[in-house]
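> Fold the following.
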Amino acid sequence: MLTPEDARLIDHLHGGFPLDDRPFAVVGEALGWSEARVIERLHQLLAQGVLTRFGPLFQIERAGGQFVLAAIAVPEQRFDVVNAVVNSFPEVAHNYRRTHALNMWFVVAAESPAQAADAIARIEDAVGLKVYAFPKEEEYFVELRLSALPRAGEHHGT
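Here you go, the predicted model:
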């Protein structure tokens, strides 16, 4: 469950991280928290699966790597099991459920196109389903930022 304090932390970190010797102390100061509290909350959010990743985004192609958007048509009764298997691969950066024939979409990040293809083949073998790969053809900078904080009048939880 995302607490209001966690939502503040996520919003504060989204799109910017201090370049400092002690960046978590800088974040903590901005939020009125201790450095230790910031680090502990991030660890807890990762452990709970609220956050699936915390780290920088790179233009991986400049370093010879590849990002591939991939999708699978997962039978509904197998979705949770397939989801857990796909998420167990270190190359999987994001995983989203969609209302579509291809109902599971995820991103494979690898150090080379060959490693991306290998990861996709290993995922197919592990789940026994076809993985449709959509390698990036062109990149656009959008910088979409969605707030984790509830809008006025919204209530989260009980």
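
> For residue 138, give its distance to residue 108.
Distance, residue 138 to residue 108, by C-beta to C-beta, to the nearest Å: 18 Å. For every residue, glycine as well, the C-beta is placed using N, CA and C.

> of the two, who's got more company?
Neighbours were tallied for residue 138 and for residue 108 using other C-beta atoms under 10 Å; the higher tally belongs to residue 108 (25 against 4).

> now the more buried one, what's its secondary structure?
Taking DSSP: H, G, I helix; E, B strand; the rest coil as the rule, one finds residue 108 in the strand state.

> so who does it touch?
Shown in contact with residue 108 (C-beta atoms under 8 Å, 6 or more residues apart in numbering): 66-68, 70, 89, 91-93, 116, 119-120, 123, 133.

> Tabulate those residues (JSON lines), appending secondary structure.
Conversion of these to JSON lines gives the following (three-state DSSP):
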{"residue": "66", "secondary structure": "strand"}
{"residue": "67", "secondary structure": "strand"}
{"residue": "68", "secondary structure": "strand"}
{"residue": "70", "secondary structure": "strand"}
{"residue": "89", "secondary structure": "coil"}
{"residue": "91", "secondary structure": "coil"}
{"residue": "92", "secondary structure": "strand"}
{"residue": "93", "secondary structure": "strand"}
{"residue": "116", "secondary structure": "helix"}
{"residue": "119", "secondary structure": "helix"}
{"residue": "120", "secondary structure": "helix"}
{"residue": "123", "secondary structure": "helix"}
{"residue": "133", "secondary structure": "strand"}
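
> Quick check: end-to-end length of stretch 85-105?
Between the opening and closing residues of stretch 85-105 there is a gap of 13 Å (C-alpha to C-alpha, to the nearest Å).

> How many neighbouring residues does residue 79 have?
Residues within reach of residue 79, counting by other C-beta under 10 Å, total 14.

> All the strands of this protein, in order from the start?
Per DSSP state E, the chain has strands spanning 66-72, 92-97, 104-110, 132-135. These are given in chain order.
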